[in-house]
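1. A structural model of the following input is requested.
(chains A and B)
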Amino acid sequence: GNSVTQMEGPVTLSEEAFLTINCTYTATGYPSLFWYVQYPGEGLQLLLKATKADDKGSNKGFEATYRKETTSFHLEKGSVQVSDSAVYFCALSTGYSTLTFGKGTMLLVSP
Amino acid sequence: DVKVTQSSRYLVKRTGEKVFLECVQDMDHENMFWYRQDPGLGLRLIYFSYDVKMKEKGDIPEGYSVSREKKERFSLILESASTNQTSMYLCASSLPGRTEAFFGQGTRLTVV
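-> Next comes the predicted model:
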């Protein structure tokens, strides 16, 4: 079956530090890959996505590249802000109507 | 702008009550989902629906049922609420295929 593994948190960084959150997956077929963000007390918002190998998704300074050879989709940002503090979820879809999520990684950014 | 709306942000119910959580989407999406989110467990799929009146069990359907009488509305029903159903409930919708899902703001349910 499908599965997503992401690094456990919390990840604690100072403002302007570089961020990497690792995500690897196992899937049948050719999945689309997603990163979602959840701010405290809110639902999930789509942050970025990639639909095929070597695609790079980007949004709000965050980037992730679909690496088929390593089955990975790591999230990166060059300079984090306090407002980036949230929980980040990696997810995949293989087209059978449901998303498979990782367990989430909490990011805490201090001034 | 796409919108998935859950009827309540916060809900407190008593053990044994029948509880209805409502979700409406305005994007004409075929697929709708109910997840629950618990610390350390991530998101777990309760039920999903790929068409009106169609439903499929997810990973944790026990103690829940769903109803989809209209395309835009997907209801989650707790037949007899129990304290272990205290959780954050998230509704989502999507088009068919390898596409993203759009989420509502969540309902934090407390069963006392």
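2. Pull the contacting residues for the closest residue to B:Gln105 other than its chain neighbours.
-> Closest residue to B:Gln105 apart from its sequence neighbours, by Cβ to Cβ, 6 or more residues apart in numbering or on different chains: A:Gly43 at 4.6 Å. Placement of C-beta: from N, CA and C, glycine included. Shown in contact with A:Gly43 (Cβ atoms under 8 Å, 6 or more residues apart in numbering or on different chains): B:Val4, B:Leu90, B:Phe103, B:Gly104, B:Gln105, B:Gly106.
3. just A:Ser58 next, same as before
-> Here A:Ser58 is in contact with A:Leu48, A:Ala64 (criterion: Cβ under 8 Å, 6+ apart).
4. and with 6 Å instead?
-> Each residue near A:Ser58 by Cβ atoms under 6 Å, 6 or more residues apart in numbering or on different chains is listed here: A:Leu48.
5. ok so it is a helix residue?
-> No. Under DSSP: H, G, I helix; E, B strand; the rest coil, A:Ser58 sits outside any helix and is assigned strand.
6. Can you give me the end-to-end span of stretch A:74-93?
-> 16 Å (Cα to Cα, to the nearest Å).
7. wait, stretch B:54-69
-> In stretch B:54-69, first residue to last residue: 9 Å (Cα to Cα).
8. Is it positioned near chain A?
-> No. Remark: stretch B:54-69 sits outside contact range of chain A, by Cβ under 6 Å from any Cβ of the partner chain, the gap being at least 7.3 Å.
9. what comes up buried for that stretch?
-> B:Lys55, B:Gly58, B:Tyr64, B:Val66, B:Ser67, B:Arg68 (16 or more other Cβ atoms under 10 Å in any protein chain shown).
10. same deal with stretch B:18-29?
-> Under 16+ other Cβ under 10 Å, the buried positions of stretch B:18-29 are B:Val19, B:Leu21, B:Glu22, B:Cys23, B:Val24, B:Gln25, B:His29.
11. Can you report phi and psi for the fourth one?
-> This points to B:Cys23. Backbone torsions of B:Cys23, given as degrees, to the nearest 10, read phi -140, psi 130.
12. per-residue pLDDT, the nearest residue to it once chain neighbours are set aside?
-> Once flanking residues are discounted, B:Cys23 sits nearest to B:Cys91: 3.5 Å by Cβ to Cβ, 6+ apart. Note on B:Cys91: pLDDT of 96.
13. Chain A contacts on chain B?
-> B:31, B:42-43, B:48, B:50, B:90, B:97-98, B:100-101, B:103-106.
14. interface residues of chain A facing chain B?
-> So chain A meets chain B at A:32, A:34, A:42-44, A:46, A:49, A:93, A:95, A:97-99, A:101, A:103-104 (Cβ under 6 Å from any Cβ).
15. And the buried ones among those residues, selectable in PyMOL?
-> Restricted to buried positions by 16+ other Cβ under 10 Å, the PyMOL selection for the residues of chain A next to chain B reads:
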select buried, chain A and resi 32+34+42+43+44+46+49+93+97+98+99+101+103+104
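16. Without its sequence neighbours, what residue ends up closest to residue 90?
-> Defaulting to chain A. Nearest to A:Cys90 is A:Cys23, by Cβ to Cβ, 6+ apart, at 3.6 Å.
17. hm, I was asking about chain B
-> In space, B:Leu90 is closest to B:Tyr35, 4.5 Å off (Cβ to Cβ, 6+ apart).
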